[in-house]
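Engineer: build the 3D model from these lines:
(2 chains)
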Amino acid sequence: MEKKEHIDAFYQEFEVFSRKNSSAPMQHQFSLLAPNHEMALVMAKENFMRREPVGDIWVVRRDNITKVSEEDKEMLKRMDNKDYRETKGYGYLKKKWRQYEQQMLDEKEIMSWAGGIKRG
Amino acid sequence: MSLFAFDSLTEEEKYDRFLERINAGEKIEADDWMPDDYRKQLLKLIPMHGISEIMGALPEKEWVPKAPSLRRKLAIMSKVQDEMGHGQLLLRVAEDLMRPLGKRREDIMEDLLTGRLKFHNVFHMEAPTWGDAGVIAWLVDGAAIISQTMMLTTSYAPYGRALKRICAEEVFHAQHGEAIVMALAEGTDEQRQMLQDAVNRWWESLLMFFGPDTSKRTGNSNQDKNIMYKLRTKSNEELRQDFLTKYIPRIHSIGLTVPDETLHYDEEEEMWVYQQPDWDKFKQIVSNNGPRSQARLRLREISHENNEWVREALGKKQTMQTASV
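Structural biologist: Numbering: from 1, shown residues only, chains lettered A, B, ... in the order given. Below you'll find the predicted structure:
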């Protein structure tokens, strides 16, 4: 009994996040047990980043994370009634623009402008 | 390179290594070493961008109560909410850059109200009709999309990540704008006239939006430095040309004109030729002497004052010592 209590206090739970490159969002990988932040970083690398390219790693003590309760998760559910704020509510424009011999500026077109529109 | 080795470099060596990094396409994080001048350039650009999102919500907000249908009202309300969200993203990026200088969000707001921090020329202008609401979402946002997507590859990583979220939402804004404009363009003669008037009203502001082609026109420009630091890839003029290339054919296709008879594409030069906007007027407008500058600043000031008790109630009062760091 004595010994078990000691181990529980020695290890803490850490949640591990990483991003592939500097433009990617931080992604949750998994959790691990480590005695401190330094060890958690080392173990994160060994446990979860043996193959995939990685640009940055964060470890956060689980105690420091505030979560949504099971009950409050009910509030996260959405009704499918907001197409006025999504591009799917404007799909009809594609046909309209075609009548005017123009293309609609959709997500594919706009995001292809990243880094500057290519000329020619 | 280990931290120890990096610390032992001279300032000049650190600067060279920094340029090497960005020239190799590496991105800079908030906690990375950066030259003071790079931070300075970022702080000229990002607080202005962030506060422009917030000031930019104001002309459109005027149309929330007056939108012609419930659906349009919901859509323009969503867009206003997005713009405020973009302001929040960008101000966070700015705040992390300002922290080592002992400045915070309160300072950004103060700089706006005292006129030290400027906001985009387009948001100083009037939006008197629903046609203006359409033209703002279609063409003003269109111009903003051209310049924001260009900076997606910026060397400052937190700015790039903010822009990625922003541009994804801008797709909806562009389509919301197209929807309003298309409905008016296919509407009655009066509606078509209202739309044409709005385009005429906004044309000069749209050309101004990208800034002068050379510093000679307004006496200062940061574009060369920002290209060197890989904050941006294109000059003001290149962006304006891209805007004309993308939007002039669309404007003409739905039967609208622009109020510039000299405007044409020079096939030989591969350039749009257009009448320069009045750059002295531009300087006046961005110095808070535009038609709606003072009214919109006052609106911001009122909401800042009215919400003060909320900030105080929610936040722990800072001791004088912490506040003066």
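
Engineer: in contact with residue B:85, which residues?
Structural biologist: residue B:169 (CB atoms under 8 Å, 6 or more residues apart in numbering or on different chains). Using the backbone N, CA and C atoms, a C-beta is placed for each residue, glycine as well.

Engineer: what about it, helix or strand, and which?
Structural biologist: Here residue B:85, judged by DSSP states H and E, is contained in helix B:70-98.

Engineer: can you mark which positions in the helix or strand following that helix are buried?
Structural biologist: For helix B:70-98, the following helix or strand on the C-terminal side (DSSP H and E) is helix B:105-114. Buried residues in helix B:105-114, counted by 16 or more other CB atoms under 10 Å in any protein chain shown: B:105, B:107-109, B:111-112.

Engineer: same question for stretch B:128-135: list its buried residues.
Structural biologist: B:129-135.

Engineer: can I get those in JSON lines with distance to chain A and pLDDT?
Structural biologist: JSON lines is the format used below for these (distance: CB to the nearest CB, whole Å; pLDDT from 0 to 100):
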{"residue": "B:129", "distance to chain A": "21", "pLDDT": "97"}
{"residue": "B:130", "distance to chain A": "16", "pLDDT": "97"}
{"residue": "B:131", "distance to chain A": "18", "pLDDT": "97"}
{"residue": "B:132", "distance to chain A": "20", "pLDDT": "97"}
{"residue": "B:133", "distance to chain A": "15", "pLDDT": "96"}
{"residue": "B:134", "distance to chain A": "13", "pLDDT": "97"}
{"residue": "B:135", "distance to chain A": "15", "pLDDT": "97"}
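
Engineer: close to chain A: what parts of the stretch 1-150 of chain B are there?
Structural biologist: Taking CB under 8 Å from any CB of the partner chain as the contact definition, the stretch 1-150 of chain B meets chain A at B:26-27, B:29, B:71, B:74-75, B:78, B:142, B:145-146, B:149-150.

Engineer: switch to 10 Å and redo it
Structural biologist: B:25-29, B:70-79, B:81-82, B:138, B:142, B:145-150 (CB under 10 Å from any CB of the partner chain).

Engineer: list the contacts of residue B:257.
Structural biologist: B:196, B:199-200, B:203, B:251, B:263 (CB atoms under 10 Å, 6 or more residues apart in numbering or on different chains).

Engineer: name the helix or strand for it, please.
Structural biologist: Applying DSSP H and E, one finds residue B:257 in no helix or strand.

Engineer: can you report phi and psi for the residue of the stretch 201-325 of chain B found nearest chain A?
Structural biologist: Going by CB to the nearest CB, chain A is nearest to residue B:253 of the stretch 201-325 of chain B, at 4.0 Å. Here is the backbone geometry of residue B:253 (degrees, to the nearest 10): phi -60, psi -30.

Engineer: same thing with residue B:176?
Structural biologist: Dihedral angles for residue B:176 - degrees, to the nearest 10 - are phi -60, psi -40.

Engineer: tell me how far it lies from residue B:58.
Structural biologist: 17 Å (CB to CB, to the nearest Å).

Engineer: neighbour-wise, which of those two wins?
Structural biologist: residue B:176 (26 against 20; other CB atoms under 10 Å in any protein chain shown).

Engineer: so that one sits right up against residue B:63, yeah?
Structural biologist: No. Between residue B:176 and residue B:63 no contact is recorded; they are 11.8 Å apart, counting by CB atoms under 10 Å.

Engineer: anything in contact with each of the two?
Structural biologist: In contact with both residue B:176 and residue B:63: B:72, B:76, B:79, B:133-134, B:137, using CB under 10 Å, 6+ apart.

Engineer: could I get those as JSON lines with distance to residue B:43?
Structural biologist: What follows is the shared contacts of residue B:176 and residue B:63, written out as JSON lines (distance: CB to CB, whole Å):
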{"residue": "B:72", "distance to residue B:43": "38"}
{"residue": "B:76", "distance to residue B:43": "32"}
{"residue": "B:79", "distance to residue B:43": "28"}
{"residue": "B:133", "distance to residue B:43": "32"}
{"residue": "B:134", "distance to residue B:43": "34"}
{"residue": "B:137", "distance to residue B:43": "29"}
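
Engineer: for residue 8, give me the pLDDT.
Structural biologist: This is for chain A. The model reports residue A:8 with a pLDDT of 65.

Engineer: that answer is for a different chain, and I need it for chain B
Structural biologist: If you check residue B:8, the pLDDT there is 86.

Engineer: so what secondary structure elements neighbour the longest helix anywhere in chain A?
Structural biologist: In chain A, taking DSSP state H as the definition, the longest helix is helix A:37-48. Helix A:37-48 sits against strand A:12-19, strand A:27-34, strand A:56-61, with contacts defined as 3 or more CB pairs under 10 Å, 6 or more residues apart in numbering or on different chains; DSSP states H and E.

Engineer: tell me the centre residue of the chain?
Structural biologist: In the absence of a named chain, chain A is used. For chain A, residue A:27 is the residue whose C-alpha lies nearest the centre (CA atoms, centre = their mean; 4.1 Å).

Engineer: can you look at chain B instead?
Structural biologist: Centre-nearest of chain B using CA atoms, centre = their mean is residue B:49, 4.4 Å out.

Engineer: next up, the contacts around that one.
Structural biologist: B:86-87, B:89-91, B:93-94, B:119-120, B:144, B:147-148, B:151, B:159, B:162-163, B:166.

Engineer: my read is it is in a helix, agree?
Structural biologist: Yes. Counting by DSSP: H, G, I helix; E, B strand; the rest coil, residue B:49 is found in a helix.

Engineer: so how far is residue B:108 from it?
Structural biologist: For residue B:49, the distance to residue B:108 - CB to CB - is 12 Å.

Engineer: what helix or strand is the closest residue in space to residue B:207 that isn't next to it in sequence located in?
Structural biologist: Take residue B:207 and drop its neighbours on the chain: the residue closest to it by CB to CB, 6 or more residues apart in numbering or on different chains is residue B:277, 4.6 Å away. Here residue B:277 sits in a region with no helix or strand, counting by DSSP H and E.

Engineer: just the pLDDT at residue B:277, thanks.
Structural biologist: 97.

Engineer: that one touches residue B:202, doesn't it?
Structural biologist: No. The criterion here is CB under 10 Å, and residue B:277 misses it with residue B:202 at 11.5 Å.

Engineer: so what sits against both of those two?
Structural biologist: residue B:209.

Engineer: and those two? which has more neighbours close in?
Structural biologist: Remark: of residue B:277 and residue B:202, residue B:202 carries more neighbours, 24 against 19, as counted by other CB under 10 Å.
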